[in-house]
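*Asks:* Kindly return the folded structure for what I paste below:
(one chain, ligands or ions: 1)
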Amino acid sequence: MKRPLLIFSLLFLLSGCVGGLGQIYPENEVGHMPKWQALHSQLAAYQKIACPSCGQDDWKLSVIKTEEINAFFWSGQFFVTDGLLDLPFEMQSAVLAHEISHQVAGHILLSQEHELEADRIAIWLMERTRGDVSGADDLKQVLRLLAGKWRDSSETISAHPHPNERIDQIEKIQSDQIQAFKPEFHSRLAQISEEEP
Ligand SMILES: [Zn+2]
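*Replies:* Predicted coordinates for the structure are as follows:
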């Protein structure tokens, strides 16, 4: 079976292999799941920022019946697993932002640079959507989970930077940018613009 692009996931390493993916919940069933509803609302919020020209239902969210933690984008749909939906909501939200970032950046094949770029876009997307910088910490939490389960193999090394490298990048972004998002910085900016003649 040909499924190479399924391995787009941030978290596929946790499941090891996507060949064993479970069944997908039917649409009418998934719509009643509170966890799906919460993440679906988050998807809609991200879509407004990341793809303002998209139609309301252009991005679908499907749930795969498996306790493995996994998420990926495939053929116009975002797939997440039961296992992902069991993580704290902020972590789910960070994973979704990363997957959306692959989509909006047009990444077709995964590379280490694409992974790092998707993290950068995800942080921007979370900041724009939430109006604060908490997303970077949430993404780091996901990566710490990933680091704890990291297994070196030629496949994972070629496609994914080590999670610690990704955490380093996020910390650099935080040290460069976090000041800019502090409320006092915003009020100072407002003050400055009022002072302008
Ligand atoms: Zn990724």
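
*Asks:* What are the boundaries of the strands in the protein?
*Replies:* Using DSSP state E, the strands of the chain run over residues 60-64, 71-74, 77-81.

*Asks:* What pLDDT is listed against the residue lying closest to Phe89 once chain neighbours are set aside?
*Replies:* Nearest residue to Phe89, sequence neighbours excluded (C-beta to C-beta, 6 or more residues apart in numbering): Ala38, at 6.1 Å. Glycine gets a C-beta too; all of them are placed from N, C-alpha and C. Looking at Ala38, its pLDDT is 97.

*Asks:* One more: Gly83?
*Replies:* pLDDT at Gly83 comes out at 94.

*Asks:* Pro197 now?
*Replies:* Reading off the model, Pro197 has pLDDT 47.

*Asks:* and what of Gln191?
*Replies:* So Gln191 comes in at 62 (pLDDT).

*Asks:* what does Gly31 give?
*Replies:* Confidence score, pLDDT, at Gly31: 92.

*Asks:* you'd agree Phe78 is up against Ala44?
*Replies:* No: Phe78 lies out of contact with Ala44 (C-beta atoms under 8 Å); the separation is 11.6 Å.

*Asks:* more crowded one of these two?
*Replies:* More neighbours surround Phe78 than the other of Phe78 and Ala44, with 22 against 14 (other C-beta atoms under 10 Å).

*Asks:* joint contacts of Phe78 and Ala44?
*Replies:* Here Phe78 and Ala44 have Trp59 as joint contacts, going by C-beta atoms under 8 Å, 6 or more residues apart in numbering.

*Asks:* Good, we can wrap up now.
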